[in-house]
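A.B. asks: just coords:
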């Protein structure tokens, strides 16, 4: 079974631009979660989608948004990029049942550099 | 605010020794606990999950959970240089769709 895929793997943008990242979950998984990882803050939760609905959102400004399509693929968008948005953006997929055994599997990540 | 605390390390152990990684969490309602391994420049990879008090063994890895003390640990027996990585502890509350991560402990296994 194929794992979680993320595109693109690397991005360089300048301040003020916007960016869209894509994530395809493991086949059969309906939940997609997004995380930002920086050396200082570690892994921080952005949001989670299930059946095209956002079920949970972390403490990030409104410049960070996402969506999920009917095939469970998800995109996240960051508008008006700031230098501090430079990070590794990770997508994780799971079945979405919110059961005790619900386990998230991570994609390879998209490394974003904002200049 | 749910918090997960880990010693950032680095933790250095000689090859063949036991590495002990610790994690504490603040939310008493937490019900699922995970250990992920992350090599430099890579994404986190699931090693173990544990849901009930006690020990859970998988090969060279043993996860230990003590909900009363709000403490979870990971033991790595016969440590190998290939175990050198950052180990992330993650916690999930009941019915929650969000994992809260610690900042990770960097483990270095010295040949």
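C.D. replies: Alright, I've got the coordinates. Quick caveat, the model's predicted, so the values are computed rather than measured. Residues are numbered from 1 along each chain as shown, chains lettered A, B, ... in the order given.

A.B. asks: count the residues that sit near residue B:53.
C.D. replies: 11 (other C-beta atoms under 10 Å in any protein chain shown). For the C-beta atoms, the positions are set from N, CA and C on the backbone; glycine is no exception.

A.B. asks: so what's it up against?
C.D. replies: B:65-68 (C-beta atoms under 8 Å, 6 or more residues apart in numbering or on different chains).

A.B. asks: sec struct for the residue nearest to the spatial centre of chain A, please.
C.D. replies: Chain A has residue A:34 as the residue nearest its centroid, 2.9 Å off, counting by C-alpha atoms, centre = their mean. For residue A:34, the secondary structure call by DSSP: H, G, I helix; E, B strand; the rest coil comes out as strand.

A.B. asks: my read: it touches residue A:22, true?
C.D. replies: No. In this structure residue A:34 lies outside contact range of residue A:22 using C-beta atoms under 8 Å: 11.0 Å.

A.B. asks: circling back: if you skip the residues just before and after it, what's nearest to the residue nearest to the centre of chain A?
C.D. replies: Once flanking residues are discounted, residue A:34 sits nearest to residue A:46: 4.1 Å by C-beta to C-beta, 6 or more residues apart in numbering or on different chains.

A.B. asks: residues of the helix or strand where the one you found lies that come out buried?
C.D. replies: Using DSSP states H and E, residue A:46 sits within strand A:42-50. Residues of strand A:42-50 classed as buried by neighbour count (16 or more other C-beta atoms under 10 Å in any protein chain shown): A:42-50.

A.B. asks: repeat for stretch B:18-25
C.D. replies: Neighbour-count burial for stretch B:18-25 [16+ other C-beta under 10 Å]: B:19, B:21-25.

A.B. asks: just stretch A:15-22 next, same as before
C.D. replies: By 16+ other C-beta under 10 Å, the buried positions in stretch A:15-22 come out as A:19, A:21-22.

A.B. asks: what of stretch B:72-89?
C.D. replies: Quick answer for stretch B:72-89 (16+ other C-beta under 10 Å): B:72-76, B:79, B:83-89.

A.B. asks: relative to chain A, which of those is nearest.
C.D. replies: Checking the buried residues of stretch B:72-89 against chain A by C-beta to the nearest C-beta gives residue B:88 as the nearest, at 6.8 Å.

A.B. asks: shouldn't that closest one be in contact with residue B:43?
C.D. replies: No. Residue B:88 sits out of contact with residue B:43 when judged by C-beta under 8 Å, with a separation of 10.7 Å.

A.B. asks: any low-confidence regions in chain A?
C.D. replies: Counting by pLDDT under 70, chain A has low-confidence residues at A:1, A:98.

A.B. asks: got the residues of it near chain B?
C.D. replies: Contact residues (C-beta under 8 Å from any C-beta of the partner chain) of chain A with chain B: A:31, A:33, A:35, A:41-45, A:48, A:50, A:55-56, A:58, A:88, A:90, A:92, A:96, A:98, A:100-109.

A.B. asks: nothing else from me, thank you.
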